[in-house]
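*Asks:* Sequence first, predicted coordinates after that:
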Amino acid sequence: MWHPQPPGYPLFVMQSKLIHMFVPSVEDTFLVGVIIATAIALLVAVYLGRDMFGSWIAGAIGAALLLVNPAFMYSGLTSTIRTYVAVVPLVCAYFCWQLWRGRSAYWWAAALALGVGSGYRPQMLVLLFPLWALCAWRGKRSVREFLAGLAVVALSSGVWIYILLSRFQNLEKFSDTITLYLTNQSRNSSPFFSAPVDGWLRMLGFLIAWNGMAIAGWILFRFFAKPRAERGTAWFLALWIVPPLVFHATIHLAAADQALITITAFCVLGGGVLAALLQRSRSLGIAAVGFAVTLNLMAFWHPISLYPFVERVGIEGNLLYMRKQITDGLWEMSWPCFRYVNVESEQAFETFQKTLAESPGKSFVIWNRSPVTWRKLAYYFPEQTYCLLHDQLHTDIYTVTAACWQGANFLSRYDGAPVRIPLAGASRVIWVLGEDSPAKAALGPRLQSAGPGGIYWTPAEPMAVPGYQLVN
């Protein structure tokens, strides 16, 4: 639990260890964490919507929209920590809103919400800082008092930053790990990391799908009712929404739960719109709320069918390609996706364990595009070496690299054309492959199926797959 993926989630780790003192099961520990996060997020959404739009109904509708949002529900099922990506921006926005309205007594609470809360996901310190900074300046209107708030942010965030740094040998090792992680995560999707256009369009498609579902249920009703909000509310929401959207559109966005930082804002705003419509026409308002809730639930339980990959010809081809990315994004925050991954994971664990037991000598595990995350395998089988083939997803342009881990410990990274991966004296290669893995297609009949779950094996011998070469 001290070794989540970089850059680390120190506050979440400490919270989980604290809960684990009273809840013996690891699974139940994470379940309690999800329940706590969900309760806080919904409660704060109610209060923020009430204060922002002057109505308990607005707050309740906003919380309801968040509760049925596909990304929020999917996060509760799959990721304890990512549920807090909804909690922290809501708590921070609530106290910042008080500052925005001139209630200067909340300066310390807003500073602590940002400084401490970002320990759940460090990048929120940067993405929510513009919101805090402008609200703090507006609420205090004094350089001295603003600097005092800034000091509270620095000191409170410094606690978890120190804990993060303490897990590394030195500052250089920390910097190298973060740089490597950001590069590996963004090199296939961000234009700032020389990603191919297809990879960037895929990330934009995800951004549209995940944020779009937080808007689709109420946006048309905005033409019939204007939320009753204080002057400057639009600027406040822009400070909340725009910085994360810019980051997600240009640097990194790979999972629906990462978009919760903006989805929460859209749900609060949607609560204000639907509450205004409800006040204008009770019957129309009830129908609109029902429509918004139903649309979100339908998107979660029955997402739009995936479209087949299309030939990229002209503007129409590009639009069809983008449509596929959006529908892929809808699929990746749905119940069928969760059920598929869950079933595949259970089958893979059983097959993987049996294959290891039957493997003579040393095994070398290679993972590529499998729905079964290698981190789960590494958690239950930490003694194994896992080599991850990172290639460009769903495009014909390959930007490839490989990274080897043993359990939670990073071992090495390999680059090149092709990328040469040493077998390190292994006698058998265990392959964990998804259906769209180029390695699976290239190896074909050489792969021996070990059982269900996408687990295969081959003798450990020199061989080539697209972009990679295994060497002794």
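*Replies:* Received it, and whenever you're ready, just let me know what you need. If you're wondering where the values come from, they're calculated on a predicted model, not measured in any experiment.
*Asks:* Find the nearest non-adjacent residue to the spatially most central residue of the chain, please.
*Replies:* In the chain, the residue lying closest to the centroid (C-alpha atoms, centre = their mean) is residue 258, at 3.0 Å. Using C-beta to C-beta, 6 or more residues apart in numbering and skipping residues adjacent in sequence, the residue nearest residue 258 is residue 85, 6.6 Å away. C-beta here means a position set from N, CA and C on the backbone, and glycine is covered the same way.
*Asks:* Compute the number of surrounding residues for the one you found.
*Replies:* Residues contacting residue 85 under the criterion other C-beta atoms under 10 Å number 28.
*Asks:* Please apply the same query to residue 138.
*Replies:* 18.
*Asks:* Now do the contacts for it.
*Replies:* By C-beta atoms under 8 Å, 6 or more residues apart in numbering, the contact list for residue 138 reads 99-100, 102.
*Asks:* Do you know the pLDDT at it?
*Replies:* Predicted confidence (pLDDT) for residue 138: 90.
*Asks:* Distance-wise, check it relative to residue 52.
*Replies:* Distance, residue 138 to residue 52, using C-beta to C-beta, to the nearest Å: 15 Å.
*Asks:* do residue 277 as well
*Replies:* Residue 277 is 16 Å from residue 52, by C-beta to C-beta.
*Asks:* Pull out the buried positions in the helix or strand where residue 132 lies.
*Replies:* Per DSSP states H and E: residue 132 is located in helix 129-140. The neighbour-count check on helix 129-140 (16 or more other C-beta atoms under 10 Å) flags 129, 131-136, 138-140 as buried.
*Asks:* Mind putting those into JSON lines with distance to residue 210?
*Replies:* Shown next, in JSON lines, are the buried residues of helix 129-140 (distance: C-beta to C-beta, whole Å):
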{"residue": "129", "distance to residue 210": "22"}
{"residue": "131", "distance to residue 210": "20"}
{"residue": "132", "distance to residue 210": "24"}
{"residue": "133", "distance to residue 210": "26"}
{"residue": "134", "distance to residue 210": "26"}
{"residue": "135", "distance to residue 210": "26"}
{"residue": "136", "distance to residue 210": "29"}
{"residue": "138", "distance to residue 210": "30"}
{"residue": "139", "distance to residue 210": "31"}
{"residue": "140", "distance to residue 210": "35"}
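*Asks:* which residues of the stretch 101-250 of the chain fall in helices?
*Replies:* In the stretch 101-250 of the chain, the helices defined using DSSP state H, counting those that start in this stretch lie at 107-117, 123-127, 129-140, 143-166, 171-186, 197-212, 233-250.
*Asks:* Tell me which other helices or strands the shortest one touches.
*Replies:* When you say that, I think you mean helix 123-127. helix 80-100, helix 107-117, helix 233-250 (3 or more C-beta pairs under 8 Å, 6 or more residues apart in numbering; DSSP states H and E).
*Asks:* so which of the ones you listed is the most packed in?
*Replies:* Most buried of the helices and strands packed on helix 123-127 by mean neighbour count (mean count of other C-beta atoms under 10 Å) is helix 80-100; its value is a mean of 26.
*Asks:* Go ahead and measure how far that one is from the middle of the chain.
*Replies:* With C-alpha atoms, centre = their mean, to the nearest Å as the basis, helix 80-100 stands 16 Å off its chain's centre.
*Asks:* for stretch 183-201, same thing?
*Replies:* Distance, centroid of stretch 183-201 to centroid of chain: 17 Å (C-alpha atoms, centre = their mean).
*Asks:* can you check stretch 448-455 too?
*Replies:* 29 Å.
*Asks:* what's the straight distance from one end of that stretch to the other?
*Replies:* 9 Å (C-alpha to C-alpha, to the nearest Å).
*Asks:* Flag every buried residue along it.
*Replies:* Across stretch 448-455, burial judged by 16+ other C-beta under 10 Å covers 450, 453-455.
*Asks:* taking the residues you listed one by one, which sit in helices?
*Replies:* Secondary structure from DSSP state H places none of the buried residues of stretch 448-455 in helices.
*Asks:* Of these, which pair is most distant in space?
*Replies:* 450 and 454 (9.4 Å; C-beta to C-beta).
*Asks:* Buried ones in stretch 147-167, by neighbour count?
*Replies:* 149-150, 152-153, 156-157, 160-161, 163-164.
*Asks:* Name the residues that touch it?
*Replies:* Here stretch 147-167 has contacts from 2-3, 7-8, 10-11, 14, 107-108, 110-112, 114-116, 118-119, 122, 125, 129, 132, 136, 140, 171, 174, using C-beta under 8 Å, 6+ apart.
*Asks:* avg pLDDT for that stretch?
*Replies:* So the average pLDDT for stretch 147-167 ends up being 90.
*Asks:* Kind regards, and thank you for your time.
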